[in-house]
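1. Got a predicted structure plus its sequence, pasted below:
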Amino acid sequence: MVKFLRGQWSELKDMVDGFSIMYMEGLLLVPLVMAGMFYPLQVLAGVGIGLGVSIAAFETAVYVRHHRH
């Protein structure tokens, strides 16, 4: 049974490659671009806020990791 499950896992692992990740990112990007055609300022503001929050969260995590007391 364990051998069977390991075989299934190796087949599943081979399905996730660079192209499948690129396709998933495309699925997120296409609706954003389509919305940007009709609401450009709102999409630009949303993307800017999203990037700002994600960069702030990343920098906070890096700071906390390297400056523990």
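-> That came through fine.
2. in what helix or strand does Phe58 lie?
-> Assigned by DSSP states H and E, Phe58 belongs to helix 40-66.
3. May I see the buried residues of the helix or strand that contains Leu27?
-> Leu27 belongs to helix 18-38 when assigned by DSSP H and E. When burial is assessed from 16 or more other CB atoms under 10 Å, helix 18-38 yields no buried residues. C-beta coordinates here come from the backbone N, C-alpha and C atoms, glycine included.
4. what's in contact with that helix?
-> Contact with helix 18-38 is made by Gln42, Val43, Leu44, Val47, as judged by CB atoms under 8 Å, 6 or more residues apart in numbering.
5. at 7 Å what do you get?
-> Val43 (CB atoms under 7 Å, 6 or more residues apart in numbering).
6. now the angle from it to helix 40-66?
-> Calculated by axes from the mean of the first three to the mean of the last three CA atoms, to 10 degrees, helix 18-38 forms an angle of 140 degrees with helix 40-66.
7. tell me what the helix holding Phe58 is packed against?
-> helix 18-38 (3 or more CB pairs under 7 Å, 6 or more residues apart in numbering; DSSP states H and E).
8. quick one, what contacts Ala61?
-> By CB under 7 Å, 6+ apart, no residues touch Ala61.
9. I'd like to know the average pLDDT value across stretch 48-62.
-> Averaging pLDDT along stretch 48-62 yields 96.
10. can you pull the buried residues of it?
-> Along stretch 48-62, no position meets the burial threshold by neighbour count (16+ other CB under 10 Å).
11. Output the helix holding Leu27 in PDB with nothing but the alpha carbons.
-> Extracted in PDB, the C-alpha atoms of helix 18-38 (Å, rounded to 0.1, in the frame of the first residue of the first chain):
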ATOM      1  CA  GLY A  18       7.400  25.700 -14.100                       C
ATOM      2  CA  PHE A  19       4.700  25.800 -16.800                       C
ATOM      3  CA  SER A  20       1.900  24.900 -14.400                       C
ATOM      4  CA  ILE A  21       3.000  27.600 -12.000                       C
ATOM      5  CA  MET A  22       3.100  30.100 -14.900                       C
ATOM      6  CA  TYR A  23      -0.400  29.000 -15.900                       C
ATOM      7  CA  MET A  24      -1.700  29.600 -12.400                       C
ATOM      8  CA  GLU A  25      -0.200  33.100 -12.300                       C
ATOM      9  CA  GLY A  26      -1.800  33.800 -15.700                       C
ATOM     10  CA  LEU A  27      -5.200  32.800 -14.200                       C
ATOM     11  CA  LEU A  28      -4.700  35.500 -11.600                       C
ATOM     12  CA  LEU A  29      -3.300  38.100 -14.000                       C
ATOM     13  CA  VAL A  30      -6.000  37.900 -16.800                       C
ATOM     14  CA  PRO A  31      -8.900  39.100 -14.600                       C
ATOM     15  CA  LEU A  32      -6.800  41.900 -13.300                       C
ATOM     16  CA  VAL A  33      -5.900  43.100 -16.800                       C
ATOM     17  CA  MET A  34      -9.500  42.900 -17.900                       C
ATOM     18  CA  ALA A  35     -10.700  44.900 -14.900                       C
ATOM     19  CA  GLY A  36      -7.900  47.400 -15.700                       C
ATOM     20  CA  MET A  37      -9.400  48.100 -19.100                       C
ATOM     21  CA  PHE A  38     -12.600  49.400 -17.400                       C
END
